[in-house]
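Chemist: Structure for this input, please:
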Amino acid sequence: MLRVARTLADLEATDAIRRVHLAEALSYRRIAFGWDALVR
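Modeler: Predicted structure coming up:
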């Protein structure tokens, strides 16, 4: 999750990982887990 948040911060050209980056990274994690459950 931190790698995704870091990437999101990098895309915005910010040095720090902010709450919004962590929240977005978490949302992708929920999507990924939901997708995995649908595939099975």
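Chemist: measure residue 1 to residue 10 for me?
Modeler: Taking CB to CB, to the nearest Å as the measure, residue 1 and residue 10 are separated by 15 Å. From N, CA and C alone the C-beta is placed, and that goes for glycine too.
Chemist: An error on my part: the question was meant for residue 18.
Modeler: Residue 18 is 12 Å from residue 10, by CB to CB.
Chemist: Mind picking out the helix or strand in the protein with the poorest mean pLDDT?
Modeler: Lowest on mean pLDDT, DSSP states H and E among the helices and strands of the chain sits helix 19-39, with a mean of 78.
Chemist: Can I get stretch 23-31 as PDB, trimmed to CA atoms?
Modeler: The C-alpha atoms that make up stretch 23-31 are tabulated as PDB, following Å, rounded to 0.1, in the frame of the first residue of the first chain:
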ATOM      1  CA  ALA A  23      -6.800   6.900   1.000                       C
ATOM      2  CA  GLU A  24      -6.500   6.400  -2.800                       C
ATOM      3  CA  ALA A  25      -4.100   3.500  -2.300                       C
ATOM      4  CA  LEU A  26      -6.500   1.900   0.100                       C
ATOM      5  CA  SER A  27      -9.400   2.300  -2.400                       C
ATOM      6  CA  TYR A  28      -7.400   0.400  -5.000                       C
ATOM      7  CA  ARG A  29      -6.700  -2.400  -2.500                       C
ATOM      8  CA  ARG A  30     -10.400  -2.700  -1.800                       C
ATOM      9  CA  ILE A  31     -11.100  -2.900  -5.600                       C
END
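Chemist: Good, wrapping up.
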